[in-house]
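Novice: Give me coordinates for this.
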Amino acid sequence: MFIAKSLISQKIYKLAIMLQNMDINVYIYGPNGSGKTFLANFIASNDDIIIENIKTIPITQSKRIIATGNKKLYSDLEDFFSMQIELKHLKERKEDIKEFINLFINQAQKEFKINKKITYKYNNENLNELKKNIYKKFLCEPKNKKEIINTLKDYFEINYTENDTYHSMLKIFDKALIEVLLDKYKSKLQVAKHLKINRNTLSKKVKEIEN
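Specialist: Below is the predicted model of the structure:
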């Protein structure tokens, strides 16, 4: 499966369809978590060999090679591969993001057998990070205040040290709450209004959590 909603991905998709029926070695490169393995599996047949993060020229053989790496080839490997395909970071393929989020949510529901709906906001992650964070949300997201308290108790039991103070612990709550509300309302004035605190107080707290 290869998701192709963005213009960049659609061009790669059309090329990949062609490559499925061509007997040439293919090299796919791009940053970590850009979907190179997704694309390699989409192109490859059962008889092809997929090599991730290729370093050396494979031993001569009759089977086709679909390889991946982080950079474009300029060495002896370049002559071995008739086609090189570049995959950009996911943040440069914005139309693909929603599709990948839905894919990983559906996978998590099936793997964990958890029938619940979640919302997830993309935060410039690569595909590996995106999948990890969505799975974590399924497993770790508390359902009610009691579960939240128990989660916090577990955190403090593990992470609290004698150097921590009441004020430093409160900064954890302030940071989480203020960042969520700033992202939601896009305005310190609106955040202060909804929290029912003075705007100067909010500005002070924002500076504290940034340090």
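Novice: Now do the same contact list for K88.
Specialist: Applying C-beta atoms under 8 Å, 6 or more residues apart in numbering to K88 gives the contacts 8, 30, 34. (C-beta placed from N, C-alpha, C; glycine too.)
Novice: Out of these, which sit inside strands?
Specialist: Using DSSP state E, the subset of these located in strands is empty.
Novice: Now distance to F173 and neighbour count too, for these, in CSV please.
Specialist: Below are the contacts of K88 laid out as CSV (distance: C-beta to C-beta, whole Å; neighbours: other C-beta atoms under 10 Å):
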residue, distance to F173, neighbour count
I8, 41, 17
G30, 39, 22
S34, 36, 24
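Novice: Could you dump the residues you listed into CSV and include pLDDT?
Specialist: Below are the contacts of K88 laid out as CSV (pLDDT from 0 to 100):
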residue, pLDDT
I8, 95
G30, 96
S34, 96
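Novice: Could you state which residue of this structure sits nearest its centroid?
Specialist: The centre of the chain sits closest to L130, judged by C-alpha atoms, centre = their mean, with a distance of 2.2 Å.
Novice: I'd guess that residue is in a helix, am I close?
Specialist: Yes: assigned with DSSP: H, G, I helix; E, B strand; the rest coil, L130 falls within a helix.
Novice: Distance of it relative to L15?
Specialist: Per C-beta to C-beta, to the nearest Å, L130 is found 24 Å from L15.
Novice: close enough to count as contact, L39 and F2?
Specialist: Yes: the criterion here is C-beta atoms under 8 Å, and L39 meets it with F2 at 5.6 Å.
Novice: just to revisit the earlier point, from the contacts of K88, which land in helices?
Specialist: Using DSSP state H, the members of these that fall within helices are I8.
Novice: N126 and R93, how far apart?
Specialist: For N126, the distance to R93 - C-beta to C-beta - is 11 Å.
Novice: So these two - more neighbours on which side?
Specialist: Shown here are N126 and R93; by other C-beta atoms under 10 Å, R93 has more neighbours (23 against 17).
Novice: How about that one, nearest residue that isn't a chain neighbour?
Specialist: Leaving aside its chain neighbours, R93 sits nearest to S6 (4.0 Å; criterion: C-beta to C-beta, 6 or more residues apart in numbering).
Novice: Quick check: pLDDT value at the one you found.
Specialist: The score at S6 is 96. That number is its pLDDT.
Novice: And Y166, by the same measure?
Specialist: Value for Y166, per-residue pLDDT: 90.
Novice: From here on, call the first residue 32.
Specialist: Renumbered: residue one is now 32, and that last one reads Y197.
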